[in-house]
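prediction below, plus the sequence it came from.
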Amino acid sequence: MSYPHIDDELVDGEGLELPTRFRSGAPGAKPGIDLDELERMPIPAVRVPITCIDYSPDRVETRAITDFEEFIRSRRSPWVRVRWINVDGLSDPEAIRALAIKYGLHPLAIEDLMSTNQRPKLEPYTAEGGRPPYLYLIVKMIQRFEGKLESEQISMFVGRDLVITIQENPGDIWDPIRERIAKEGSRLRELDASYLAYTLIDAIVDYCFPVLEHYGNRLEELEDEVLDRPDRHLITEVHQLKRELLLLRRAVWPMREVVNAMQREPHECMSDTTRTYLRDVYDHLVQIMDIIETYREVGTSLTETYMTSMSNRLSEVMKVLTIIGTIFIPLTFLAGVYGMNMAIPENHWAGSYPLFWMVCIVLAGGMLYWFRKRDWL
């Protein structure tokens, strides 16, 4: 396979609706997805948005890519220092094919980016077979959408002067980065493509903090509610929070390994300056993992607190019922004896009925006094 117009390096991507063989990895299937297989995939009626941002210290140019043939034939202008191509979705195999032809994407990387169940990882590719060297990364972008936590796979190709990001769904959290690129004199425009990749990953990692802040606030509220008025819906919400924290942990934990590998393993597409900044991202990931583990322990503690509160509530109910039953045992006995349908001498005395009630009241009051004195009430 030839790649006639490789003039920069590569991007990130995520999964199309693939044939079963691509999703499950059928035994004996050919590894990777090549250009012919991409060409045979159905093309959607609505094309995914593709944005290309070219920039240098003195100039920025943003455009949408719609004509793939023209895009493959074109060459970047001499003034361009870094190119960032962002693909908003995986439903268009023709877009992936155009990027694969122009930038020499490896079939194994294409297969990974089109499968959305990948674990965050880092794969270095060296220059071979007409392909340029690049780093291929998979990271997870965490967002809360309509009250639910969502984990979106982001594939990223990082070359010497190119970054390609391929998202699973439209929409991202990178608008502040686009604003920084548009701003003259920003550090982004002064440094290389690997620094742009660092900035994108850093934004993804930092966005976890407001998500964690939401969970922290909600756990505090649930703690008060569980102690004050334990209810069945509370334990359901606690379990939901624990599941979402587990999803967050599964996304963040392997990203820590990815950033650590980027920081420690030398590659020609990763500058020393960028590796220095990646230390900060790694520290943030460690901090996020500590917070997640703390919140999961709080969630477990809330479950135990709920069970204890419900047990105490049941004990209080049983105590009240037991006391009521205990008080009425002697009263029931007296009522049974003097309510029998038989001649009783006391029935011929006019004061027997008031005396019966007096004995019952004194007996019940004496038992209540005794219970309170022994701190049973």
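Alright, I've got the coordinates.

what is the lengthiest helix in the chain packed up against?
Longest helix of the chain, by residue count under DSSP state H: helix 272-338. Secondary-structure packing of helix 272-338 (3 or more CB pairs under 8 Å, 6 or more residues apart in numbering; DSSP states H and E): helix 193-206, helix 208-228, helix 232-264, helix 352-373. For the C-beta atoms, the positions are set from N, CA and C on the backbone; glycine is no exception.

mind checking which of the ones you listed is nearest T294?
Nearest to T294, of all the helices and strands packed on helix 272-338, is helix 208-228, at 8.9 Å by CB to CB.

which residues are in contact with that closest one?
142-144, 149, 231, 234, 237-238, 241, 244-245, 248, 252, 284, 288, 291-292, 295, 298-299, 302, 305-306, 309 (CB atoms under 8 Å, 6 or more residues apart in numbering).

what's the average pLDDT for that helix?
For helix 208-228, mean pLDDT rounds to 86.

same deal with stretch 46-62?
The model assigns stretch 46-62 a mean pLDDT of 88.

list the buried ones in that stretch?
Buried positions in stretch 46-62, judged by neighbour count with 16 or more other CB atoms under 10 Å: V48, P49, I50, C52, I53, D54, Y55, V60.

swap in stretch 99-110?
In terms of neighbour count (16+ other CB under 10 Å), stretch 99-110 has its buried residues at L99, A100, I101, K102, Y103, G104, L105, H106, P107, A109, I110.

cool, stretch 233-246 as well?
For stretch 233-246, by 16+ other CB under 10 Å, it's L234, I235, V238, L241, K242, E244, L245.

same check, this time on stretch 225-232
E225, V226, P230.

please apply the same query to stretch 158-173.
So, applying 16+ other CB under 10 Å, buried residues of stretch 158-173: 158-169, 172.

next: stretch 123-142.
Residues 123-125, 131-142 are the ones in stretch 123-142 that count as buried (16+ other CB under 10 Å).

closest to I181 out of those residues?
Lowest distance from I181 to those (CB to CB) belongs to M141, with 18.8 Å.

name the SS class of the closest one, please.
At M141 the chain is in strand, as set by DSSP: H, G, I helix; E, B strand; the rest coil.

now it: closest residue in space, sequence neighbours ignored.
E152 (4.6 Å; CB to CB, 6 or more residues apart in numbering).

that neighbour and Q143 touch, don't they?
Yes. Counting by CB atoms under 8 Å, E152 touches Q143, with 6.8 Å between them.

sorry, back to before: same for the helix or strand harbouring the residue nearest to M141, what does it pack against?
Assigned by DSSP states H and E, E152 belongs to strand 148-158. Judged by 3+ CB pairs under 8 Å, 6+ apart, strand 148-158 is in contact with helix 107-113, strand 134-145, strand 162-167, helix 193-206, helix 232-264.

now distance to K373 too, for those, in CSV please.
Shown next, in CSV, are these (distance: least, CB to CB, whole Å):
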stretch, distance to K373
helix 107-113, 75
strand 134-145, 56
strand 162-167, 72
helix 193-206, 62
helix 232-264, 37
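
E69: which of these is closest?
strand 162-167 (18.5 Å).

how distant is the closest one from the center of its chain?
Here strand 162-167 is found 21 Å from its chain centre; the criterion is CA atoms, centre = their mean, to the nearest Å.

quick one: mean pLDDT over it.
92.

equivalent analysis for stretch 335-350, please.
64.

stretch 320-327 too?
In this model, stretch 320-327 has an average pLDDT of 79.

try stretch 278-293
For stretch 278-293, mean pLDDT rounds to 92.

now do it: everything it contacts.
Contact with stretch 278-293 is made by 198, 201-202, 205-206, 208-209, 212, 216, 245, 248-249, 252-253, 255-256, 259-260, 262-263, as judged by CB under 8 Å, 6+ apart.

rewinding a little: can you lay out the buried residues of stretch 46-62 as CSV showing secondary structure?
Converted to CSV, the buried residues of stretch 46-62 look like this (three-state DSSP):
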residue, secondary structure
V48, coil
P49, coil
I50, strand
C52, strand
I53, strand
D54, strand
Y55, strand
V60, strand
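
any chance of these in CSV, with distance to M41 too?
CSV is the format used below for the buried residues of stretch 46-62 (distance: CB to CB, whole Å):
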residue, distance to M41
V48, 13
P49, 19
I50, 17
C52, 23
I53, 27
D54, 29
Y55, 32
V60, 34
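
tell me the one of those nearest T274?
After measuring the buried residues of stretch 46-62 against T274 - CB to CB - the closest member comes out as Y55, at 16.5 Å.

before we move on, back to that, what sits against the residue nearest to M141?
Contacts of E152 were listed using CB under 8 Å, 6+ apart, and they are E14, K140, M141, I142, Q143, Q167, E168, N169.

and with 10 Å instead?
14, 116, 139-143, 145, 167-169, 171-172, 204, 251 (CB atoms under 10 Å, 6 or more residues apart in numbering).

same check on P78?
Contacts for P78 (CB under 10 Å, 6+ apart) come out as S56.

what helix or strand is it on?
Using DSSP H and E, no helix or strand contains P78.

can you tell me how far it is from S56?
Applying CB to CB, to the nearest Å, the value for P78 to S56 is 10 Å.

now G351
Distance, G351 to S56, by CB to CB: 112 Å.

please apply the same query to A95.
To S56, A95 is 25 Å away according to CB to CB.

same thing with E268?
Taken as CB to CB, the span from E268 to S56 is 21 Å.
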